[in-house]
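>>> Provide a 3D model corresponding to the input given below.
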Amino acid sequence: MKFSTTIEAKMWNSPKYYMKSLFLKNKSILHLARLFSLKNIITKQKMTTFFQPILDVQSNETFAFEALNRPFRTNLFKNPDIFYEFVGQTNRVFSFECLCRNLSLLRYHERLHQTFPEENFTLFINIHPNILLDKNYQSGETLTLLNSLNIEPEQVVFELTERSAVTDFEEFSRVLSHYRSQGFRIAVDDVGSGYNSLKTLIYLKPEFIKLDRSLIQNINEHPAQQQLLMVILNYAIQSGTKVIAEGIETKEEYEFIQSAGVHYAQGYAIGRPAEKLAHAKSPLIQS
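Reported below is the predicted structural model:
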């Protein structure tokens, strides 16, 4: 039998080459299927929005909620990490991020009036730094939506994800100044997890620092973590920044960050993400 191409000959004579080609073909099919699914998710807004409360450590009152958007679970995306990693590899980041921003605001407004009609809280919205830099992103659209929902820009905090995406710190700082002038505030997450997070603090001067779970986990037992926490807290005091300890899961962790002077706390011991808004609770006074 005469093969028409060299590739076909290699596939026939080399099982290893054939398996590699088959793998690449299946990988390409999977990518296309996921891309179609992502388009469908954006078009039909097939996302669930959860809200996790943030506790004021000193007053034991609910300070804020973080909006967390998750896709409907499918065989193509078995968990949110796989989904968000894929989104970052596509050209749909902008449209997807805009969808999440709008869903966060609309659903927060709806559920706030269902559950706490007389109260106002701060809302943290995760946002990729590249979106703020994108010339297609119009902050006026967000302001128009906020105005229609009777939400003040001062109540909204842009929580920066993927800090590694920030390469030109001076330019990004200029862009943030534009949003701050409109009333929005900025939070940097995962602080304490590496050098880049400390560099981010120096250049971007966020209003909120969210401490990484790796720094908070069992902090009551580890002097090295405690020392790093105190360094960050001292910086925060000098710069007028508020500190949020993420990932609080035990009473002991909470007791330590409270005694250390951390301003706010977030985690399963405070309140789990839920579709309905629910007040944060201190682990020290729960029944």
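>>> in the stretch 51-200 of the chain, which spans are strands?
61-71, 122-127, 156-160, 185-191 (DSSP state E, counting those that start in this stretch).
>>> can these go into a markdown table with extra columns for mean pLDDT, distance to Gln258 and mean neighbour count?
Where C-beta positions appear, they are placed from N, C-alpha and C, glycine not excepted. Formatted as a markdown table, the entries for these read as follows, by pLDDT from 0 to 100; distance: least, Cβ to Cβ, whole Å; neighbours: other Cβ atoms under 10 Å:
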| stretch | mean pLDDT | distance to Gln258 | mean neighbour count |
| --- | --- | --- | --- |
| strand 61-71 | 96 | 14 | 20 |
| strand 122-127 | 95 | 20 | 22 |
| strand 156-160 | 94 | 22 | 23 |
| strand 185-191 | 90 | 18 | 22 |
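>>> Leu201 is nearest to which of those?
Of all the strands of the stretch 51-200 of the chain, it is strand 185-191 that lies closest to Leu201, at 6.5 Å by Cβ to Cβ.
>>> sheet partners, orientation included, of the closest one?
Sheet pairing for strand 185-191, assigned by DSSP bridges, gives strand 156-160 (parallel), strand 208-211 (parallel).
>>> in a markdown table: these, plus distance to Ser259.
Shown next, in a markdown table, are the strands paired with strand 185-191 (distance: least, Cβ to Cβ, whole Å):
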| stretch | distance to Ser259 |
| --- | --- |
| strand 156-160 | 26 |
| strand 208-211 | 15 |
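>>> pretty sure Glu253 is in a strand, no?
No. Checked against DSSP: H, G, I helix; E, B strand; the rest coil, Glu253 lies outside a strand; its state is helix.
>>> roughly how far does it sit from Tyr235?
Here the criterion is Cβ to Cβ, to the nearest Å. By it, Glu253 lies 21 Å from Tyr235.
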